[in-house]
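Enquirer: Provided below for reference: sequence and predicted model.
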Amino acid sequence: MSYSKYTFCTFIIISFHLSIGESWRNETRSGKIFSIFTLVRFENNACVPNSNSLSSGTCYLSDECTQKGGEASGTCAEGFGVCCLFLAECGKTYSQNVTYWRTSTTSPCSIKVCKCDPSVCFVRLDMTRLDLYPPNTDTSSSTNVASQCTTDVMTISSPGVPPLPKLCGRNNGYHMYVELSGTDCIDVAIIQGSTSYSRGWEMTLTQHSCPSASTPPSGCVQYYTGVSGTIESFNYALGSHLADLDYKICVRRERGYCKISWLAPTYSISGKVGILSPAKLTGETTCTTDYLIFPDTGRICGSQFPGTLPSPSQLGGTIVVHTDSTEVSAETGTKGFSLSYIQDNTGC
């Protein structure tokens, strides 16, 4: 759950006690006027703007919204507040529940997002659109840059947290959780190369507090909820997985469920330098360069997925994704993965 602060508004209601008849003059002379103070309290929760393509803002008093550098779009809290939008600009720092970041011609363009409260432990990036120049396609063995983001790149840093995926290519509709470990802020930056391309981005950065059912366990970069779903590798839409990645994908165990099964309509992960195997491969000695690690199974690579992969003993909802930094010609064309999962409550 995102952290919510409170706004207090004080309204003064003055009521006059007017007497009838002869006592009226005396009552008036003595000035019997009573003041009643009514306190209106509302949370700085998410709200829906009324004239903007963005889906969510934060509810503040009008003056607060202006002071914090936001833009009012509609009302909230039964008209006592305004739906305040925070549109990030390059080089600036933000500490709101929800911050939006849109395409800029400035390069590099970086923003800093800081905790709005000490209880915040994650910032979630929802990439409505992230369309950057595709990864490098130079597969000569002397360069070792194939599948790397050498023209455009988005980087995220959070001190004390393991390196996060560097992204390029097309990643529309994906998300990432950035953990805040011993620090109050994260830095997000996009570098745009000089090569012509229809690049652009539109992101929502939402702060999440711990503990919360909507917040992932520590170490999870992607976190999926629901009894079933689909998970794709970064840059899946452009047909090649990215190089030099190490991150965890987690699935929340839903109430009443204790098992999970995995199925991959598309699975194309090179195991070692050489021609991509047309079959499924497993194990640490076979899958040495690029692979996924599944609970109860271990490493899986190759160009096929081993049917429906169950985790029979428990809800094994964590996958490790690893790709090395030395993609070469024999590994080119590996599309990545599209995984489907379904949770099972049989025997729970």
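Expert: Looks like it arrived, so ask away.
Enquirer: where along this structure do the helices fall?
Expert: Using DSSP state H, the helices of the chain run over 23-30, 62-67.
Enquirer: quick one: pLDDT of the residue nearest to Thr151 when sequence neighbours are not counted?
Expert: In space, and not counting its chain neighbours, Thr151 is closest to Gly193: 3.7 Å by C-beta to C-beta, 6 or more residues apart in numbering. C-betas here are computed from N, CA, C, even on glycine. With respect to pLDDT, Gly193 scores 95.
Enquirer: picking up where we left off before, lowest average pLDDT across the helices of the chain?
Expert: helix 23-30 (a mean of 45).
Enquirer: do you have the strands of the stretch 51-200 of the chain handy? List them.
Expert: 57-60, 71-76, 81-85, 87-88, 93-94, 98-102, 109-114, 120-131, 153-157, 174-179, 185-191, 200-209 (DSSP state E, counting those that start in this stretch).
Enquirer: any regions of the stretch 1-150 of the chain where pLDDT drops low?
Expert: The stretch 1-150 of the chain contains residues with pLDDT under 70 at 1-42, 51-55, 140-143.
Enquirer: oh, that last question was meant for the stretch 201-348 of the chain, not what I typed.
Expert: Those would be 271-278, 310-316, 328-333, if you go by pLDDT under 70 across the stretch 201-348 of the chain.
Enquirer: who does Asp57 bridge with?
Expert: I think there's a mix-up here, since residue 57 is Gly and not Asp. Counting by DSSP bridges, Gly57 is bridged to Cys47.
Enquirer: surely it and Asn45 touch.
Expert: No. If you go by C-beta atoms under 8 Å, Gly57 and Asn45 don't touch, sitting 9.9 Å apart.
Enquirer: ok, now how distant is the residue nearest to Thr151 from Glu327?
Expert: 19 Å (C-beta to C-beta, to the nearest Å).
Enquirer: same question for Asp296.
Expert: As judged by C-beta to C-beta, Asp296 and Glu327 stand 29 Å apart.
Enquirer: who's more crowded, the two?
Expert: Glu327 (29 against 11; other C-beta atoms under 10 Å).
Enquirer: break this protein down into its domains, please.
Expert: 6-41, 86-215, 219-348 (automatic domain parsing).
Enquirer: separation between Val145 and Cys59?
Expert: From Val145 over to Cys59 (counting by C-beta to C-beta), the distance is 47 Å.
Enquirer: one more: Phe305?
Expert: 46 Å.
Enquirer: ok, now Ser268?
Expert: 46 Å.
Enquirer: which residue is the nearest non-sequential neighbour of Gly317?
Expert: Gly317 sits nearest to Val251 (C-beta to C-beta, 6+ apart), 3.5 Å away.
Enquirer: which residues touch that neighbour?
Expert: With contacts defined as C-beta atoms under 8 Å, 6 or more residues apart in numbering, Val251 is in contact with Tyr223, Tyr224, Thr225, Gly229, Ile260, Leu315, Gly317, Thr318, Tyr341, Gln343.
Enquirer: with Met127 instead?
Expert: Contacts for Met127 were tallied using C-beta under 8 Å, 6+ apart; they are Asn171, Asn172, Gly173, Tyr174, His175, Met176, Trp201, Glu202, Met203.
Enquirer: just the buried residues of those.
Expert: Asn171, Tyr174, His175, Met176, Trp201, Glu202, Met203 (16 or more other C-beta atoms under 10 Å).
Enquirer: confirm for me that the second one is in contact with Thr230.
Expert: By that I understand Tyr174. No. Contact criterion C-beta under 8 Å: Tyr174 and Thr230 do not qualify, at 11.5 Å.
Enquirer: quick one: the strands in the stretch 201-348 of the chain?
Expert: Using DSSP E, counting those that start in this stretch, strands in the stretch 201-348 of the chain cover 220-224, 228-232, 245-251, 259-268, 280-282, 291-294, 298-302, 309-311, 318-323, 336-344.
Enquirer: ok, how many other residues are close to the nearest residue to Ala88 once chain neighbours are set aside?
Expert: Spatial nearest neighbour of Ala88, chain neighbours left out: Trp101 (4.2 Å); criterion: C-beta to C-beta, 6+ apart. Neighbours of Trp101 under the rule other C-beta under 10 Å: 23.
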